[in-house]
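Student: how would this look folded up:
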Amino acid sequence: MDKKILGKQLKQIRIDRGFSQEKLSEMVDISPRQMCVIENGNSIPSLDTFIKIAQTLHFDINEFFNIDIEPTEKLRTDIIKLIQTADRKNLCLIKDLLLAVEKNV
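Tutor: Numbering: from 1, shown residues only. Predicted structure coming up:
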């Protein structure tokens, strides 16, 4: 996402929620100057700062970036379909992959 667009969206959400730059910057523990720089699109906030802003302004980060998280059941169904149509060689590979993932969790 472009810095200018990110800043513009954050500013609009802040205004919609009725926060001043000063109040929001105080709540997320950054300077008002830094908040201004972010909103003007001259800087991207750190991940920690962005999360604090999202929590303070009560917006979903996934929706902010238009991220569509696939529901678990659909993902499970898709994987089962792939397994059902896999040949023996691919089934062995899938099994090995799952065992490797399980060991690293």
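Student: Could you list every helix and strand that the host helix or strand of Gln12 packs against?
Tutor: Per DSSP states H and E, Gln12 falls inside helix 3-16. On a contact count with 3 or more Cβ pairs under 8 Å, 6 or more residues apart in numbering; DSSP states H and E, helix 3-16 meets helix 32-39, helix 47-57. C-betas here are computed from N, CA, C, even on glycine.
Student: Now do the longest one: distance to the chain's middle.
Tutor: I take that to be helix 47-57. Counting by Cα atoms, centre = their mean, to the nearest Å, helix 47-57 is centred 11 Å from the centre of its parent chain.
Student: what sits up against that helix?
Tutor: Contacts of helix 47-57 with the rest of the structure, by Cβ atoms under 8 Å, 6 or more residues apart in numbering, involve 10, 13-14, 17, 19, 24, 27-30, 38, 45, 60-61, 64.
Student: for that helix, which positions count as buried?
Tutor: Thr49, Phe50, Lys52, Ile53, Ala54, Thr56, Leu57 (16 or more other Cβ atoms under 10 Å).
Student: just the residues you listed now: which is nearest Pro71?
Tutor: Closest approach between the buried residues of helix 47-57 and Pro71, by Cβ to Cβ: Ala54, at 21.8 Å.
Student: Show the pLDDT at that closest one.
Tutor: At Ala54, the model reports a pLDDT of 95.
Student: I'd like the distance between it and Ser43.
Tutor: According to Cβ to Cβ, to the nearest Å, Ala54 stands 17 Å off from Ser43.
Student: Tell me which helix or strand in the chain has the weakest average pLDDT.
Tutor: helix 61-64 (a mean of 84; mean pLDDT, DSSP states H and E).
Student: average pLDDT for whichever helix or strand comes after that helix?
Tutor: Later in the chain than helix 61-64, the nearest helix or strand by DSSP H and E is helix 72-85. What helix 72-85 shows for mean pLDDT is 89.
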